[in-house]
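J.: sequence and predicted structure are below.
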Amino acid sequence: MKEIIQQLPAKAREKNKEHRKFFSRLKKKPPKQLDYLMETLHEDEFGRTDCLQCANCCKTTGPLFTEKDIQRISKFLKMKPQQFIASYLRVDEEEDHVLQQLPCTFLDADNRCMIYEVRPKACREFPHTNRKKFQQISNLTLKNVAICPAAFNIVEELRRRVEGK
Ligand code: SF4
Ligand code: SF4
């Protein structure tokens, strides 16, 4: 897995042009069964992916924390929301609350999330490959394929299924 993660940014760069063109065609004419297809591809890929061997998302790209996330996590940690924000978060250029540091403070040495039950919504949904109307988040996906080996494989499989490539 280590080697796969190391090679991923270069692989994603190499495919970037093809992926952008593919997403532009997908947006113009999404297949009728796209939501169903994404669900299947996502389940198949994550069925054979061990995120505990990877954790590249937690190491390189923190989530944004919504108001609800902050309330829920600070309660779990028995902290006041303001205290939680001051200890772990900062406000980014887009005015979102994000982590002060990466890898994520809540990732332990075994790649486990210490706040798994109450983790941010963005962590639960990453890499967003099983969401409806997948064609609408192409810019985000183009970034995620350089971070997440599963997302890269899902996009490649999607291209094969939709365009036979
Ligand atoms: S979601 Fe993707 S990047 Fe995150 S741990 Fe799983 S395979 Fe790795
Ligand atoms: S909160 Fe948990 S799942 Fe989210 S980035 Fe941190 S360690 Fe990973």
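T.: Yep, that arrived. No experiment lies behind these values; they were computed from the predicted model shown. Ligands and ions are numbered 1, 2, ... in the order given.
J.: state the distance from Lys78 to ligand 1.
T.: Using CB to the nearest ligand atom, to the nearest Å, Lys78 is found at 28 Å from ligand 1. For glycine as for every other residue, the C-beta is placed from the backbone atoms N, C-alpha and C.
J.: for that residue, helix, strand, or coil?
T.: Following DSSP: H, G, I helix; E, B strand; the rest coil, we place Lys78 in the coil state.
J.: let me know the pLDDT of it.
T.: You'll see Lys78 listed with a pLDDT of 97.
J.: so who does Lys121 touch?
T.: Counting by CB atoms under 8 Å, 6 or more residues apart in numbering, Lys121 touches Pro63, Thr66, Lys68, Asp69.
J.: the last one reaches Pro120, doesn't it?
T.: Read it as Asp69. Yes - taking contacts as CB atoms under 8 Å, Asp69 lies within contact range of Pro120: 4.3 Å.
J.: joint contacts of these two?
T.: By CB under 8 Å, 6+ apart, Asp69 and Pro120 have these common neighbours: Pro63.
J.: start to end distance for stretch 122-138?
T.: Chord length of stretch 122-138, first to last residue, is 16 Å (CA to CA, to the nearest Å).
J.: and what of stretch 76-87?
T.: For stretch 76-87, the separation between the terminal residues is 15 Å (CA to CA).
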